[in-house]
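Undergrad: 3D, please:
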Amino acid sequence: MYRRFRGLGYMFFVLIVVTATIMAISFYQRLANPNTRPAEILVPRAMQDTVRLQEDPAYVMQAVPNDYEAMHKNFHYYPGIEMVRKQNRSACLLCHSVLPHNKNVRNRAFLNLHSGYVSCTTCHLSDSTNVTFEWLDTETGHRVIGVERPETKWRNVGKYQLVPIRDGQAIYTSQDNPVIVDQIEAGALTDETQKKQLREMLEAGMMMPGRMCNRCHIQNGYINYTAVGYSPERVRELESLSIPSVFENYENFYMPTK
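TA: Model prediction:
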């Protein structure tokens, strides 16, 4: 019995030594790294980034470099993610951030993930009469038919948006729309009265809140996944996701901090 416990003691001792060695090497690499920048450089840069984020919330995504070495060292690091040019984004983002859903803690993360490839009008359009859906290349304004897995295939967030189509026209207003540009140049983003008028114009025909998850992720739901280009296998996946049922069946979510 004594020998067995002594063997376990040796094993734990070796484990502690190995762990301590790895931590010591990691700290040394941090401190000895020639690329480490002092606080007098980092603090002003942080202040500049703060100002830039207030002007353009998507800057944080554009600022991430293609540092694949860092990606492998830190799994929370996501390189190569970019937003499309500001003028090609939805005009809704003149007032809202690129992560517009923030009120409902239970589902805002899932909704914000969708906003990268689903237009605001897809979920918030109040009248869906005679509406179909297609993919819109927001950089060119051309509609694209037959796409597969846009949420993982494309690098530029917001480049391809699923938009509603009525009478052959995409229901999507970009920031470079001539009407929007004229109003901005006239002071619509600085004058509160003009800003209210611009917002009322953009929100006309929209509803708050938008459609819930179970309107789309069911069989024969709001969006015809086959028509927009998904494979039969992916259609089955999209129509049977378990996440919508979680929001329906659980009143409260308990976070680690509670």
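Undergrad: and the helices in this protein?
TA: For the chain, the helices defined by DSSP state H cover 2-32, 39-55, 59-62, 68-73, 108-114, 120-124, 150-153, 178-185, 192-203, 232-239, 243-249.
Undergrad: and these, which one is worst for confidence?
TA: If you rank those by mean pLDDT, helix 68-73 sits at the bottom with a mean of 53.
Undergrad: residue 20 and residue 242, how far apart?
TA: Noted for residue 20: a distance of 42 Å to residue 242, by CB to CB, to the nearest Å. Backbone N, C-alpha and C define where each C-beta goes, glycine included.
Undergrad: the two - which one has more neighbours?
TA: The residue with more neighbours, out of residue 20 and residue 242, is residue 20; 10 against 7, by other CB atoms under 10 Å.
Undergrad: point to the residue nearest the middle of this protein.
TA: residue 113 (4.0 Å; CA atoms, centre = their mean).
Undergrad: confidence score at the closest residue to residue 229 other than its chain neighbours?
TA: Leaving aside its chain neighbours, residue 229 sits nearest to residue 146 (4.0 Å; criterion: CB to CB, 6 or more residues apart in numbering). Residue-level confidence at residue 146 comes out at 70, pLDDT.
Undergrad: can you offset everything so residue one is 796?
TA: Sure, I'll start counting at 796 from here, so that last one is residue 941.
Undergrad: can you spell out the domain ranges of this structure, please?
TA: 796-831, 833-878, 880-1044 (automatic domain parsing).
Undergrad: deepest in the core, which of the ones you listed is it.
TA: domain 880-1044 (a mean of 15; mean count of other CB atoms under 10 Å).
Undergrad: pull the contacting residues for residue 922.
TA: Shown in contact with residue 922 (CB atoms under 8 Å, 6 or more residues apart in numbering): residue 1000.
Undergrad: how close does it get to residue 1012?
TA: Counting by CB to CB - residue 922 and residue 1012 are separated by 22 Å.
Undergrad: cool, residue 879 as well?
TA: Distance of residue 879 to residue 1012, computed by CB to CB: 26 Å.
Undergrad: can you tell me how far residue 967 sits from residue 816?
TA: Distance check for residue 967 against residue 816: by CB to CB, it reads 56 Å.
Undergrad: swap in residue 1013?
TA: Residue 1013 is 54 Å from residue 816, where distance means CB to CB.
Undergrad: what of residue 974?
TA: Relative to residue 816, residue 974 is positioned 64 Å away (CB to CB).
Undergrad: kindly report the same for residue 887.
TA: 53 Å.
Undergrad: what residues are up against the nearest residue to residue 975 once chain neighbours are set aside?
TA: What sits nearest to residue 975 in space, not counting adjacent residues and going by CB to CB, 6+ apart, is residue 886, at 5.1 Å. By CB under 8 Å, 6+ apart, residue 886 lies in contact with 968, 969, 970, 972, 975, 997.
Undergrad: next one: residue 957
TA: Counted by CB under 8 Å, 6+ apart, residue 957 has contacts 912, 913, 914, 917, 928, 929, 930, 931, 945, 1018, 1023.
Undergrad: among the residues you listed, name the ones in strands.
TA: Among the contacts of residue 957, DSSP state E puts 928, 929, 930, 931 in strands.
Undergrad: how near is residue 937 to residue 963?
TA: Relative to residue 963, residue 937 is positioned 14 Å away (CB to CB).
Undergrad: quick check: residue 1016 touching residue 1006?
TA: No - at 9.5 Å, residue 1016 does not count as touching residue 1006 under the criterion of CB atoms under 8 Å.
Undergrad: doesn't residue 919 make contact with residue 1003?
TA: Yes - the pair residue 1003 / residue 919 is scored as a contact, 7.0 Å apart, by CB under 8 Å.
Undergrad: will you turn the contacts of residue 886 into CSV that also has distance to residue 809?
TA: Below are the contacts of residue 886 laid out as CSV (distance: CB to CB, whole Å):
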residue, distance to residue 809
968, 64
969, 61
970, 60
972, 66
975, 66
997, 64
